[in-house]
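In: have a look at this fold, sequence not included:
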């Protein structure tokens, strides 16, 4: 019954969206009724998604999707998140969000109604395309042909709080770019739009980018403590394809600040808006079609792959075609100087585009090679580390001073102070690195991170103005964002370059040395949980007869899917993480692997600062 | 020049989509990567017998006969599904030497597994630390390799074997 409600409301919602698309010359109704139809469509698709969630909560195994992905023994929270933990449900969520973004735009959009309706029409068209994809190839409301008492369970590795909210966050980011896309296309289709659309692109791209940042960070954090590989970023294809719209979005939010009525930049913003959403669809296509193998792979299905490929081609092709035909041609030259803000932002945009292309090439290269030569290769971390990082380095250096550059002149205010500070700082970092463990990358990363933070703080201080109002925080917002990046760079540098790995064979009661600390194996215990059995090994981290903390690591056994997952034990500290993975046991001697990851917390702090800054940017003055 | 710049993204898009299309149509399955070791000599390894600690199997002693190597484990559910097929292969080709490697598994669990499912293997070797699987470039369990009488790997399959694979691919090779 609930499946029927879900399916019918999805179909109805699609029909309503078709109505929105009917041109005004045929359907002559008032604007407010058109808004009403659009909003009803949003309401209906939300009903559809909620009914899927209800089917999951009630463990309604007459629904085939619930039967395949849920189990009555699962905790309630994972029953709910199970709704989007699979292909069909996640695409429904995606569609739901396209509509919700349009809904909020119809309320908060500040353009004239004429322009707003064009945007909503494009949004409806996108909605219809994806809704048809669901109805024809990925219907989550199919009935189960067999009568069953119990479901097949959810992938145990996905039963995790961070992962429960990782997909919705990521989708809020991806799908947010659909609205940015619609705004950009609408600005091309309407011959004389006002300039409000640029402010709207600025706002919505900032929101999407903030969500995308949170989504990627959550996924990364999940990989860090769930997969047990000791790291948090693996250049996994799925990570790469989420990074591409992120970087393009970053270029977009930077480009919209620099517009001063120049046509060239307007064009560039439109192009980036199309690109961001295309890269988001590309990401979905690559993950959902099963073309790439990774920790995220879902069952591959050729017809689905073809359908999403078609969506990707049609949407992006349409966007680029409109861009080609309707591209604005008014001349208004850029105000370029050797080092003013505009040229810094242009260099930053070029670098980001090169980075996106490099990642794109690395990600699809194996596919191209396999089609051409029928041999399989894989492009991994070494390629990305040695290509993407050097491209980003000059950008980071530029970032530290860019916000203080002037729009009009070639001068940096108080230039000397910056130069002197930079040299003093470099000398200190060089000495520090020289007397510890010198590593060129470590040195570069540290100096960049410290310099970005320092220069940003210096710029705030040199303004000689302090107050605690939102308005003030908004004026120094770019510095705040850059401080976040600086903190993150330090975290990334230290945790990847100065990571230490230890392997031990250890019995209960024994003790091993980790740099300055001791690790003692206290005990093992077995706990029966509702849907799994867990074996826990308890370690204590000790410092000179003082116990710093207990760390629990272990393995879980899920009887329904007959899988074993290893649960990493992590001790978080501001300056280092102790990361323990339990291996196999032989005659009461356990093998364990321990990583000492320095400054990982800085990465998450940096991300928090960046998200905070994107929230500030969205808040009205 | 400007026009070219504007057309370039469309051109790139079409090219990329074309490759994706070919990839899907050619039915490339990323879950079945070809082994880098195909048509190469088997890696050097040494393994202990599951049932007898003092009996070893050395890769050097294996030449001169066709060998089927299967990586399995008691914790591997798909392994159970294909397990009975090895009895059929044994019936078809009694001269074939079948080695089973118990991969990252507790020996007692492996023994129990073979008691429950039967033991089709001529030799069951231990690969507790996963080193042998590493040498063979094992992608995931179950995985099966066929080695010819010159010690070369001539076939490999990742995932569950089926009757069709055995009849159409393995049996034709020798």
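Out: Received it, and whenever you're ready, just let me know what you need. Fair warning: this is a prediction, and the values are worked out from it, not measured in the lab. Numbers count the residues shown, from 1 in each chain, chains lettered A, B, ... in the order given.

In: separation between the nearest residue to residue A:448 once chain neighbours are set aside and residue A:455?
Out: Sequence neighbours aside, residue A:396 is the residue nearest to residue A:448 in space, at 4.9 Å (criterion: C-beta to C-beta, 6 or more residues apart in numbering or on different chains). (Glycine included, C-beta is placed from N, CA and C.) Distance, residue A:396 to residue A:455, by C-beta to C-beta, to the nearest Å: 11 Å.

In: can you pull the residues of the stretch 501-621 of chain A lying near chain B?
Out: A:562, A:564, A:584, A:585, A:586 (C-beta under 8 Å from any C-beta of the partner chain).

In: report the contact partners of the fourth one.
Out: The reference is to residue A:585. Going by C-beta atoms under 8 Å, 6 or more residues apart in numbering or on different chains, residue A:585 touches A:591, B:106.

In: going by secondary structure, residue A:139 is in what exactly?
Out: Using DSSP states H and E, residue A:139 is not contained in any helix or strand.

In: residues near the nearest residue to it once chain neighbours are set aside, how many?
Out: Residue nearest to residue A:139 in three dimensions, not counting chain neighbours: residue A:88, with 6.5 Å by C-beta to C-beta, 6+ apart. Using other C-beta atoms under 10 Å in any protein chain shown, residue A:88 is surrounded by 23 other residues.

In: quick check: residue A:88 vs residue A:314, distance?
Out: In terms of C-beta to C-beta, residue A:88 sits 22 Å off from residue A:314.

In: show me what contacts residue A:285?
Out: Residues near residue A:285 by C-beta under 8 Å, 6+ apart: A:291, A:305, A:308, A:309, A:311, A:312, B:20.

In: wait, a helix at it?
Out: Yes: according to DSSP: H, G, I helix; E, B strand; the rest coil, residue A:285 belongs to a helix.

In: of all the residues of the stretch 501-621 of chain A next to chain B, which comes closest to chain B?
Out: Of all these, chain B sits closest to residue A:562, with 4.6 Å by C-beta to the nearest C-beta.

In: about what we covered before: taking the contacts of residue A:285 one by one, which sit in helices?
Out: A:305, A:308, A:309, A:311, A:312, B:20 (DSSP state H).

In: out of those residues, the closest to residue A:140 would be?
Out: The shortest approach to residue A:140 among the ones in helices among the contacts of residue A:285 belongs to residue A:308, at 16.1 Å (C-beta to C-beta).

In: which ones are touching that closest one?
Out: Residue A:308 sits in contact with A:133, A:281, A:284, A:285, A:288, A:289, where contact means C-beta under 8 Å, 6+ apart.

In: confidence score at it?
Out: Reported pLDDT at residue A:308 in the predicted model: 83.

In: that one: what's its closest spatial neighbour, skipping adjacent residues?
Out: Excluding the flanking residues, the one nearest residue A:308 by C-beta to C-beta, 6+ apart is residue A:285, at 4.2 Å.

In: cool, residue A:482 as well?
Out: Residue A:482's closest residue in space is residue A:456 (C-beta to C-beta, 6+ apart), at 4.8 Å.

In: hang on, that neighbour is in a helix, isn't it?
Out: Yes: inclusion of residue A:456 in a helix is indicated when three-state DSSP is applied.

In: and it, what pLDDT?
Out: 87.

In: pull the number of nearby residues for it.
Out: Quick note: residue A:456 (other C-beta under 10 Å) scores 25 neighbours.

In: residue A:370 now?
Out: The tally of other residues near residue A:370 (other C-beta under 10 Å) stands at 20.

In: next, give phi and psi for it.
Out: When quoted as degrees, to the nearest 10, the phi and psi of residue A:370 stand at phi -70, psi -40.

In: what residues of the host helix or strand of residue A:583 count as buried?
Out: Using DSSP H and E, residue A:583 maps to strand A:576-586. Neighbour counts over strand A:576-586 (16 or more other C-beta atoms under 10 Å in any protein chain shown) mark A:576, A:577, A:578, A:579, A:580, A:581, A:582, A:583 as buried.

In: who does the next helix or strand after it pair up with?
Out: Downstream of strand A:576-586, the first helix or strand assigned by DSSP H and E is strand A:589-598. Take DSSP bridges as the rule and strand A:589-598 pairs in its sheet with strand A:500-507 (antiparallel), strand A:576-586 (antiparallel).

In: show me what contacts the spatially most central residue of chain A?
Out: Nearest to the mean C-alpha position of chain A, counting by C-alpha atoms, centre = their mean, stands residue A:216 at 3.0 Å. Contacts for residue A:216 were tallied using C-beta under 8 Å, 6+ apart; they are A:170, A:173, A:239, A:242, A:243, A:246.

In: can we see that at 6 Å?
Out: By C-beta atoms under 6 Å, 6 or more residues apart in numbering or on different chains, the residues touching residue A:216 are residue A:242.

In: just the element for it, please.
Out: In this structure, residue A:216 sits in helix A:196-222 according to DSSP H and E.

In: average pLDDT across that helix?
Out: 91.

In: before we move on, what about stretch A:120-129?
Out: 95.

In: coming back round to it: what's the farthest-apart pair in the contacts of residue A:285?
Out: A:291 and A:311 (14.6 Å).

In: do stretch B:7-18 and chain A come into contact?
Out: Yes: using C-beta under 6 Å from any C-beta of the partner chain, stretch B:7-18 reaches chain A at B:9, B:10, B:13, B:17.

In: sort out for me which of those are in helices.
Out: Filtering the residues of stretch B:7-18 next to chain A for helices - DSSP H - leaves B:9, B:10, B:13, B:17.

In: what's the closest non-adjacent residue to the first one?
Out: It stands for residue B:9. residue A:320 (5.1 Å).

In: got the buried residues for stretch A:415-431?
Out: Of the residues in stretch A:415-431, those buried by neighbour count under the rule 16+ other C-beta under 10 Å are A:418, A:422, A:429.

In: mind putting those into TSV with pLDDT?
Out: Listed next are the buried residues of stretch A:415-431 as TSV, based on pLDDT from 0 to 100:
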residue	pLDDT
A:418	77
A:422	81
A:429	81
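
In: show me where chain B has strands.
Out: Ranges of strands within chain B are B:46-48, B:56-58, B:67-72, B:97-103, B:123-127, B:143-147, B:153-158, based on DSSP state E.

In: helices or strands next to the fifth one in the packing?
Out: Helices and strands in packing contact with strand B:123-127 are listed as strand B:46-48, strand B:97-103; criterion 3 or more C-beta pairs under 6 Å, 6 or more residues apart in numbering or on different chains; DSSP states H and E.

In: if we go to 10 Å?
Out: Judged by 3 or more C-beta pairs under 10 Å, 6 or more residues apart in numbering or on different chains; DSSP states H and E, the packing partners of strand B:123-127 are strand B:46-48, strand B:56-58, strand B:67-72, strand B:97-103, helix B:107-117, helix B:131-136.

In: likewise the second one?
Out: Contacts of strand B:56-58 with other secondary structure elements, assessed using 3+ C-beta pairs under 10 Å, 6+ apart, are made with strand B:46-48, strand B:123-127.

In: OK, contacts around the residue lying closest to residue A:383 once chain neighbours are set aside?
Out: Sequence neighbours aside, residue A:362 is the residue nearest to residue A:383 in space, at 5.3 Å (criterion: C-beta to C-beta, 6+ apart). Neighbouring residues of residue A:362 by C-beta atoms under 10 Å, 6 or more residues apart in numbering or on different chains: A:235, A:237, A:240, A:379, A:380, A:383, A:384, A:387, A:388.

In: now the strand holding residue A:583 against helix B:107-117, angle please.
Out: Interaxial angle, strand A:576-586 versus helix B:107-117 (axes from the mean of the first three to the mean of the last three C-alpha atoms, to 10 degrees): 50 degrees.
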